[in-house]
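> I would like the atomic coordinates for the input below:
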Amino acid sequence: MKVDFSKLERAFNPRTVVVVGDSKASNFEWIRGQKEFKGKLYSVHVNPNSFEDIKALGVENFTSLLDVPGPVDLVIVAVARKAAPAVLDDCIRKDVAAAHFFSSGFSETDTEEGRELERQLIARAEAANFHLIGPNCMGLYNPGIGIRQNEDQYLGDSGPVGFISQSGSVAIGFSMEAHFQGVNINKSASFGNGIVLDSPDFLEYFGRDPAIKAIGMYLEGIKNGRRFMSVLRDVAARKPVVIWRGGRTEDGGRAIASHTGSLASSSSIWNAALKQCGAIQVGSVEELIDTLKALLFLPTVRGNRVAIAGGPGGQSVTSTDVFVEAGLSVPRLTRESYAELETFFEVVGGSYRNPIDTAGPVRRDMKRIMSIVARDNNIDNIAYFVSTRPGRHITREQLQGTMGILEDIRQLNKPLITMVLLNTSDAANEDRDIMNILQERGIPAFPSVPRGAMALKNAFDYYNNGRNRG
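Residues are numbered from 1 along each chain as shown. The predicted structure is shown next:
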């Protein structure tokens, strides 16, 4: 099928949305999910017992999609699988731009009835060049205009990330956790079985979208490997693409067959292909979010040499191991830097050589120390702890002082990451608040040392792949 990107544009930025067959048993979850949609929202339902409930939600109901007034950009289909082909026929007659089929029970069930119904959907959609999303998926998400996959997803903050997922739960979970981590979605697609529109179609569309600066993907399998790799190679050369693959193990591969009906590919082939295309592979949702964060906030990461500072001795030593084990280097500073430090900093040996142990009275000179470290020719990147003594909250004055140091480092345009590590009774919320403050100023912040180290290493790998710009 030839993808019409103008129709995808209408689907992601609709003026009119119609929900077909939403269930009273699920408390009309799809209608409720779109209740903040800024355009026109209608319902199609044939059960008279649901009419009053739909009306109470403030949504006008019709008994046929063909009766809905005006052009329709997006249809959300939540009918039983046997009714799906008839609804698709109505979508085609109505000249709908695209339809998201939440309906499930197709090839993923490994039953003849499910496979036959899926074949019918494919044949009808391809004959009409109709843009069918799914089935067995959560569809589209655009927080800027109020289109959601789940009514708990945030609205209003349209960010720089495009996200593509075979799994609906991963798409929803990613959007919510990324938002908490200060990384907002621009557009997201959950495509499920992907029988008509598949992952490369959404990847190519996001690659064309100037508002999307980086793309994350969760994939369980590839149907057309040649096309996927061709599109990935093209898009990854222009903007970062970070991919989390499910089904990497034998047991995981067996599980995805009953989830979206996909087949997992060989890990060795997959890994080599992604590297050749210039994409970044990650192993968890946390690493996916962290890597996107590093790529969005950091300047080009050209080298792997890191200066670690801001923490006490023990933490600095253990963190050195973490960064080195991630594939980065924590080298000594140049002789010139040590000579300059010796003019005011009496203890230069031991752990002060890098990492920079900044406990006790040394903190008085931190701004001066970090100015020297950040200008050092042996250092490519800075990793800085934002922390206090165990049990103590960080004060406004301490945070302002830290921000002054970090802003000075940023002026040198060397990649700078922070690890926010507080040990208080409310550390999770306090950490998140401070991370958001840092990221509002363009400084990526991570909730642990391993997560910060891996994000920096992935950014380094992306920019030094040989295919990617930077």
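> where does this protein have its least confident helix or strand?
helix 250-257 (a mean of 47; mean pLDDT, DSSP states H and E).
> I'd like to know which elements the helix or strand where residue 417 lies is packed against.
Using DSSP states H and E, residue 417 maps to strand 416-421. If you count contacts as 3 or more Cβ pairs under 8 Å, 6 or more residues apart in numbering; DSSP states H and E, strand 416-421 packs onto strand 381-387, helix 396-410, helix 427-440, strand 445-446, helix 449-463. For every residue, glycine as well, the C-beta is placed using N, CA and C.
> tell me which residues are up against the third one.
Spelled out, that is helix 427-440. 180-182, 293, 297, 386, 393-394, 399, 403, 406, 418, 420-422, 424, 444-447 (Cβ atoms under 8 Å, 6 or more residues apart in numbering).
> ok, now the last one?
Helix 449-463 has contacts (Cβ under 8 Å, 6+ apart) with 240, 242, 278, 280, 282, 286-287, 290-291, 293-295, 298, 300-304, 306, 318-319, 322-323, 325-328, 381, 383, 415, 417-419, 421, 444, 446, 468, 470.
> buried among these? Make that a ChimeraX selection.
In ChimeraX, this line selects whichever of the contacts of helix 449-463 come out buried by 16 or more other Cβ atoms under 10 Å:
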select :240,242,278,280,282,286,287,290,291,293,294,295,298,301,303,304,306,319,322,323,326,328,381,383,415,417,418,419,421,444,446,468
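> all strands for the stretch 151-300 of the chain, in order.
Here the stretch 151-300 of the chain has its strands, by DSSP state E, counting those that start in this stretch, at 161-165, 185-190, 214-219, 241-245, 280-282.
> nearest to residue 151, out of those strands?
strand 185-190 (15.0 Å; Cβ to Cβ).
> pull out the buried positions in the closest one.
Neighbour-count burial for strand 185-190 [16+ other Cβ under 10 Å]: 185, 186, 187, 188, 189, 190.
> same deal with stretch 117-137?
For stretch 117-137, by 16+ other Cβ under 10 Å, it's 117-118, 121-122, 124-125, 128, 130-137.
> now for the residues you listed: which two are most distant?
Largest pairwise distance in the buried residues of stretch 117-137, by Cβ to Cβ, is 20.8 Å, between 128 and 136.
> show me where pLDDT drops low in the stretch 301-450 of the chain?
312-313, 346-352, 358-364, 388-391, 424-425, 427 (pLDDT under 70).
> kindly recompute the last result at 80.
Scanning the stretch 301-450 of the chain for pLDDT under 80 picks out 311-315, 345-353, 357-364, 388-395, 423-429.
> swap in the stretch 151-300 of the chain?
Looking along the stretch 151-300 of the chain with the criterion set at pLDDT under 80, you get 247-267.
> surely residue 126 touches residue 132?
No. In this structure, residue 126 is not within contact of residue 132 by Cβ atoms under 8 Å, at 9.1 Å.
> any common contacting residues for these two?
With Cβ under 8 Å, 6+ apart as the test, residue 126 and residue 132 both reach residue 196.
> where exactly do the helices run in the stretch 201-350 of the chain?
225-236, 250-257, 267-277, 285-297, 313-325, 335-342 (DSSP state H, counting those that start in this stretch).
> so which of the ones you listed is nearest residue 113?
helix 250-257 (17.5 Å).
> what about residue 41, which SS state?
Going by DSSP: H, G, I helix; E, B strand; the rest coil, the secondary structure assigned to residue 41 is strand.
> what's the distance between it and residue 190?
From residue 41 across to residue 190, the span is 20 Å (Cβ to Cβ, to the nearest Å).
> what does residue 47 give?
Residue 47 is 27 Å from residue 190, by Cβ to Cβ.
> next: residue 211.
Residue 211 is 19 Å from residue 190, by Cβ to Cβ.
> hmm, back to that, run the chain-centre distance for the strand holding residue 417.
Here strand 416-421 is found 20 Å from its chain centre; the criterion is Cα atoms, centre = their mean, to the nearest Å.
> next, the angle helix 285-297 makes with that strand.
Compare the direction of strand 416-421 with that of helix 285-297 by axes from the mean of the first three to the mean of the last three Cα atoms, to 10 degrees and you get 140 degrees.
> quick one: strands adjacent to strand 416-421?
strand 381-387 (parallel), strand 445-446 (parallel) (DSSP bridges).
> identify all contacting residues around the shortest one.
What it means is strand 445-446. 182, 290, 293, 386, 417-420, 434-435, 438-439, 452, 455.
> distance to residue 85 added to these, as JSON lines?
Shown next, in JSON lines, are the contacts of strand 445-446 (distance: Cβ to Cβ, whole Å):
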{"residue": "182", "distance to residue 85": "44"}
{"residue": "290", "distance to residue 85": "43"}
{"residue": "293", "distance to residue 85": "43"}
{"residue": "386", "distance to residue 85": "57"}
{"residue": "417", "distance to residue 85": "52"}
{"residue": "418", "distance to residue 85": "54"}
{"residue": "419", "distance to residue 85": "53"}
{"residue": "420", "distance to residue 85": "52"}
{"residue": "434", "distance to residue 85": "53"}
{"residue": "435", "distance to residue 85": "48"}
{"residue": "438", "distance to residue 85": "52"}
{"residue": "439", "distance to residue 85": "47"}
{"residue": "452", "distance to residue 85": "50"}
{"residue": "455", "distance to residue 85": "46"}
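> most widely separated two among those?
434 and 455 (17.1 Å).
> ok, those two, which is more surrounded?
residue 455 (26 against 19; other Cβ atoms under 10 Å).
> what separation do you get for that one and residue 298?
For residue 455, the distance to residue 298 equals 9 Å [Cβ to Cβ].
> between those two, what contacts are shared?
Shared contacts of residue 455 and residue 298 (Cβ under 8 Å, 6+ apart): 417, 444.
> break the protein down into its structural domains.
Following automatic domain parsing, the chain resolves into domains at 1-136, 137-297, 299-463.
> pick the most deeply packed of those domains.
domain 137-297 (a mean of 20; mean count of other Cβ atoms under 10 Å).
> so how far does that domain reach from one end to the other?
31 Å (Cα to Cα, to the nearest Å).
> circling back: could you dump the strands of the stretch 151-300 of the chain to CSV with distance to residue 64?
Listed next are the strands of the stretch 151-300 of the chain as CSV, based on distance: least, Cβ to Cβ, whole Å:
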stretch, distance to residue 64
strand 161-165, 32
strand 185-190, 27
strand 214-219, 36
strand 241-245, 41
strand 280-282, 46
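> between those, which gets nearest to residue 34?
So among the strands of the stretch 151-300 of the chain, strand 185-190 is nearest, using Cβ to Cβ, at 14.8 Å.
> what's the spacing between the helix or strand containing residue 7 and its chain's center?
If you go by DSSP H and E, residue 7 is part of helix 5-12. Its chain's C-alpha centre and that of helix 5-12 lie 21 Å apart, by Cα atoms, centre = their mean.
> what's next to that helix, contact-wise?
Contacts of helix 5-12 (Cβ under 8 Å, 6+ apart): 73-74, 97-98, 100, 131, 133, 140, 142, 147, 187, 197, 201-202, 204-205, 208.
> so which elements touch the helix or strand just after that helix?
Next along the chain after helix 5-12, taking DSSP H and E as the criterion, comes strand 16-20. On a contact count with 3+ Cβ pairs under 8 Å, 6+ apart, strand 16-20 meets strand 40-44, strand 74-77.
> I am finished for the moment; much appreciated.
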